[in-house]
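J.: Using only what follows, build the 3D model:
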Amino acid sequence: MQRLLDTLHTPADLKKLTPEQLPQLAAELRAFIIDVVSVKEGHLGASLGVVELTIALHYVFDTPNDLMVWDVGHQAYGHKILTGRKDKFDTNRQWGGLSGFPKIKESIYDAFGTGHSSTSISAALGMALASKIKGDISRNHIAVVGDASIASGMAFEGLNHAGVTDANLLVVLNDNAIGIDPSVGALKNYLTQVKEGKNPRQNNMIKSLNFDYTGPVNGHDLPVLIKELQRLKNKPGPKFLHIVTTKGKGMKQAEENQVKYHAPGKFDKTTGELLPADNSNLPPKYQDVFGLTLVELAQNNHKIIGITPAMPSGSSMKFMMEAFPERAFDVGIAEQHAVTLAAGMATQGMVVFCNIYSTFLQRAYDQVIHDVALQNLPVIFCLDRAGLVGEDGATHHGVFDIAYLNCIPNLIIFAPLNEKELRNILYTAQLGLPHPIAIRYPRGRAQHTGWQNDFDKISIGKAYQLRTGAKVAILSTGTIGNNVIEALNGTENADLFSHYHFGFIKPLDEELLHTILNSYTEIITLEDGAVTGGFSSAIAAFATKYAYKPEIRILGIPDEFIEQGTIADLQHYCGIDVKSLKDIFSAYIN
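T.: Numbers count the residues shown, from 1 in each chain. Coordinates of the predicted model:
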């Protein structure tokens, strides 16, 4: 018998089904997502949890005329499948394939691109106000936001504004008590009380913001969802529907272990069990080098504090939270608050490690400048996922941090070559620095297995030579320098190249730079970051300042947004993988 899902190509086809057929479609949609993600990998639990909501929204509303924004967007797999992308869904998160997140240029059904949290309410409100100005009063505007995302300051800003407008806006709160890790904070506790019926309706905070509040309702009950959405569709002004769902719904393991099955990797689609991987002889992940080293340091330094905005598992701050719960804080999806909280603690003599993904520190740029650097507070920023991150694509690559941090006075920037340097810079920073520091390191595994060595203090601002050659100086920063090492080891004319590692991007080792620029007229710079305004720009500016005129070849991330794909795919596209470097080096002649 033909699946209902196979007959659907657009939401218009979905509307031809009877309400009685929708539960069968929900089962088929879940099975389809599990089938593909089990092999191709991706975000699983979030999309499984909103299957009924996705069907109900497209069943009731007239998309794409009605505009729908999915907050963060990793729960939008069902939305993509029902909006003409089912046959391409097996390319999800792959080079040249579908993005793992909603994307305006990918489909007319993706009203707004989302990859960072808490943007949906502001975006949908902007659309609603624009429709009102244009006189299009019939169009609906829907923001689907999770209970972790709605706790962010930006979401509150959107709610605060929407409540004093007559915009045709529907906010759907998908309340499952978890983001990637369990939700935290007073708002989470409040929502729990509402769900348990312990909070009097007259004290409803959403109503107090002038929203027409409905809920909480069962987000897996299709008839109830459709009834409520149909009612709200014709109500004017700002509306708020509070639904309760289970992340990972329909797959036992994903329901019971929601953190692991947020993005579980490959698994057996029949049993749900994760496919085993032998990691026993592999180097550690950089995030674990950070997390375990922090615990090691905190055992002897009682002033050490750990802060993370909602990423204790992804950043491995969980080790600190388990070992020293009174000195480690998950502040929720609140990067601005995390940075200024760290600044406040630093004024009181605490040694604060503020651990934020590189791409998410962008959300707290003013706080880095105004609250930390301007006051010269020695906060230690640990920027996980710096550089290209792979399948999560353009919204998640940490390729801009060098460029956007390098212009900030008082700020030290360091990119370790390997796990040993990461350990040593963490050790050095906690001894006390005269300035704040940003330490950037990549997603993925480090270089060596025997990494828990004794600590060595690093000299601030010093670079060093890794290889001596006769003609060309290669200047690299960070772990991408290991690609140079590997490429030169397989290049016949490797004796032409000197290789220097600049761990410190700021301050640069000017003494060594003078030596290099006096010795070489051909320079290659390499970084796993945007070349516009990055490490290479700093080298070129130094050469110009002192009237050196070397031939500089710049390698790094080009001035464009890089899409999703494996790290190997993306490095090759940018020309910074080992093979591309070998080809470049081999072209040089004596």
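
J.: quick one: strands adjacent to the longest strand anywhere in the chain?
T.: Under DSSP state E, the strand in the chain containing the largest number of residues is strand 522-530. Counting by DSSP bridges, the strands paired with strand 522-530 are strand 472-476 (parallel), strand 551-557 (parallel).

J.: Kindly reformat the ones you listed as a markdown table containing distance to Ile81 and mean pLDDT.
T.: C-beta coordinates here come from the backbone N, C-alpha and C atoms, glycine included. Shown next, in a markdown table, are those (distance: least, CB to CB, whole Å; pLDDT from 0 to 100):
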| stretch | distance to Ile81 | mean pLDDT |
| --- | --- | --- |
| strand 472-476 | 42 | 98 |
| strand 551-557 | 31 | 97 |
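
J.: and the ones you listed as CSV, adding mean neighbour count and distance to Thr293?
T.: CSV is the format used below for these (neighbours: other CB atoms under 10 Å; distance: least, CB to CB, whole Å):
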stretch, mean neighbour count, distance to Thr293
strand 472-476, 25, 23
strand 551-557, 19, 28
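
J.: now these as CSV including distance to Asp456?
T.: Formatted as CSV, the strands paired with strand 522-530 follow (distance: least, CB to CB, whole Å):
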stretch, distance to Asp456
strand 472-476, 21
strand 551-557, 29
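
J.: Check the offset of the longest strand of the chain from the chain's centre.
T.: Taking CA atoms, centre = their mean, to the nearest Å, one finds the center of strand 522-530 at 24 Å from the center of the full chain.

J.: For it, C-alpha coordinates in PDB please.
T.: Provided in PDB are the C-alpha atoms of strand 522-530 (Å, rounded to 0.1, in the frame of the first residue of the first chain):
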ATOM      1  CA  GLU A 522      57.900  35.200  -0.200                       C
ATOM      2  CA  ILE A 523      55.400  34.700   2.600                       C
ATOM      3  CA  ILE A 524      52.400  32.300   2.800                       C
ATOM      4  CA  THR A 525      49.800  32.900   5.600                       C
ATOM      5  CA  LEU A 526      47.300  30.300   6.600                       C
ATOM      6  CA  GLU A 527      44.300  30.500   9.000                       C
ATOM      7  CA  ASP A 528      41.100  28.500   9.600                       C
ATOM      8  CA  GLY A 529      39.200  31.800   9.600                       C
ATOM      9  CA  ALA A 530      38.000  34.600   7.400                       C
END
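
J.: buried residues in that strand?
T.: Along strand 522-530, the positions that meet the burial threshold by neighbour count (16 or more other CB atoms under 10 Å) are 523-530.

J.: swap in stretch 531-540?
T.: For stretch 531-540, the buried set under the neighbour-count rule, 16+ other CB under 10 Å, comprises 531, 533-540.

J.: Just the endpoints, please. Distance across that stretch?
T.: Across stretch 531-540, the terminal residues are separated by 11 Å (CA to CA, to the nearest Å).

J.: any idea of the mean pLDDT in it?
T.: Here the mean pLDDT over stretch 531-540 is 97, rounded to a whole number.

J.: Look at Val259 and say how many residues are nearby.
T.: Per other CB atoms under 10 Å, the neighbour tally for Val259 reads 18.

J.: right, I mislabeled it, should have said Thr63
T.: 23.

J.: doesn't Ala12 make contact with it?
T.: No - assessed by CB atoms under 8 Å, Thr63 is found out of contact with Ala12, at 9.4 Å.

J.: could you point out which element follows the lowest-mean-pLDDT helix or strand in the chain?
T.: Counting by mean pLDDT, DSSP states H and E, the chain has its least confident helix or strand at helix 186-195, which shows a mean of 80. On the C-terminal side of helix 186-195, the nearest following helix or strand under DSSP states H and E is helix 205-208.

J.: Give me the buried positions along whichever helix or strand comes after that following helix.
T.: Toward the C-terminal end, the helix or strand that comes next after helix 205-208 (DSSP H and E) is strand 212-218. By neighbour count, with 16+ other CB under 10 Å as the criterion, the buried positions of strand 212-218 are 213-216.

J.: same deal with stretch 81-96?
T.: 81-86, 89, 91-95.

J.: farthest-separated two in those?
T.: For those, the maximum inter-member distance is 24.6 Å, found between Leu82 and Trp95 (CB to CB).

J.: Show me how the record splits the protein into domains.
T.: For the chain, whose domains are defined here by automatic domain parsing, the residue ranges read 5-262, 286-440, 464-586.

J.: Let me know which of those domains is tucked in deepest.
T.: Looking across the domains of the chain with neighbours counted as mean count of other CB atoms under 10 Å, the highest average goes to domain 286-440: a mean of 22.

J.: Let me know the average pLDDT across it.
T.: Per-region confidence: domain 286-440 scores 97 on mean pLDDT.

J.: Quick check: end-to-end length of that domain?
T.: Across its full length, domain 286-440 reaches 10 Å between end residues, using CA to CA.

J.: Of all the strands paired with strand 522-530, which one is nearest Ala56?
T.: Closest approach to Ala56 among those (CB to CB): strand 551-557, 40.8 Å.

J.: Put the alpha carbons of the helix or strand that the closest one is followed by into CSV.
T.: Scanning forward in sequence from strand 551-557 by DSSP H and E, the next helix or strand is helix 567-574. Listed next in CSV are the C-alpha coordinates belonging to helix 567-574 (Å, rounded to 0.1, in the frame of the first residue of the first chain):
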residue,chain,number,x,y,z
ILE,A,567,35.3,19.3,7.2
ALA,A,568,37.3,17.6,4.4
ASP,A,569,34.8,19.0,1.8
LEU,A,570,35.0,22.5,3.2
GLN,A,571,38.8,22.7,3.7
HIS,A,572,39.2,21.4,0.1
TYR,A,573,36.8,24.1,-1.2
CYS,A,574,38.8,26.8,0.7
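
J.: could you check the angle strand 522-530 makes with helix 567-574?
T.: With axes from the mean of the first three to the mean of the last three CA atoms, to 10 degrees as the basis, helix 567-574 and strand 522-530 are set at 130 degrees to each other.

J.: mean confidence score for helix 567-574?
T.: Mean pLDDT, helix 567-574: 97.

J.: Can you give the distance of it from its chain's centre?
T.: Between the centre of helix 567-574 and the centre of its chain there are 19 Å (CA atoms, centre = their mean).

J.: Contacts for that helix next, please.
T.: With contact meaning CB atoms under 8 Å, 6 or more residues apart in numbering, helix 567-574 is reached by 95, 388-390, 443-444, 483, 555-558, 562, 565, 577, 579-580.

J.: Could you do stretch 261-273 as well?
T.: Applying CB under 8 Å, 6+ apart, the set of residues contacting stretch 261-273 from outside is 34-35, 38-39, 41-46, 74, 180, 247-248, 251-254, 274-275, 277.

J.: so how far is the first residue of that stretch from its last?
T.: Using CA to CA, one end of stretch 261-273 lies 10 Å from the other.

J.: and that stretch, average pLDDT?
T.: Across stretch 261-273, pLDDT averages out at 86.

J.: roughly how far is that stretch from the heart of the chain?
T.: When C-alpha coordinates are averaged (CA atoms, centre = their mean), stretch 261-273 and its chain have centres 21 Å apart.

J.: same check, this time on stretch 549-559
T.: Offset of stretch 549-559 from its chain centre (CA atoms, centre = their mean): 27 Å.

J.: Cross-reference the buried residues of stretch 81-96 with the strands and report the matches.
T.: Counted as lying in strands by DSSP E, out of the buried residues of stretch 81-96, is not a single one.

J.: and these as a markdown table, adding distance to Ser519?
T.: As requested, those are exported to a markdown table (distance: CB to CB, whole Å):
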| residue | distance to Ser519 |
| --- | --- |
| Ile81 | 59 |
| Leu82 | 62 |
| Thr83 | 59 |
| Gly84 | 59 |
| Arg85 | 55 |
| Lys86 | 59 |
| Phe89 | 54 |
| Thr91 | 49 |
| Asn92 | 49 |
| Arg93 | 45 |
| Gln94 | 44 |
| Trp95 | 40 |
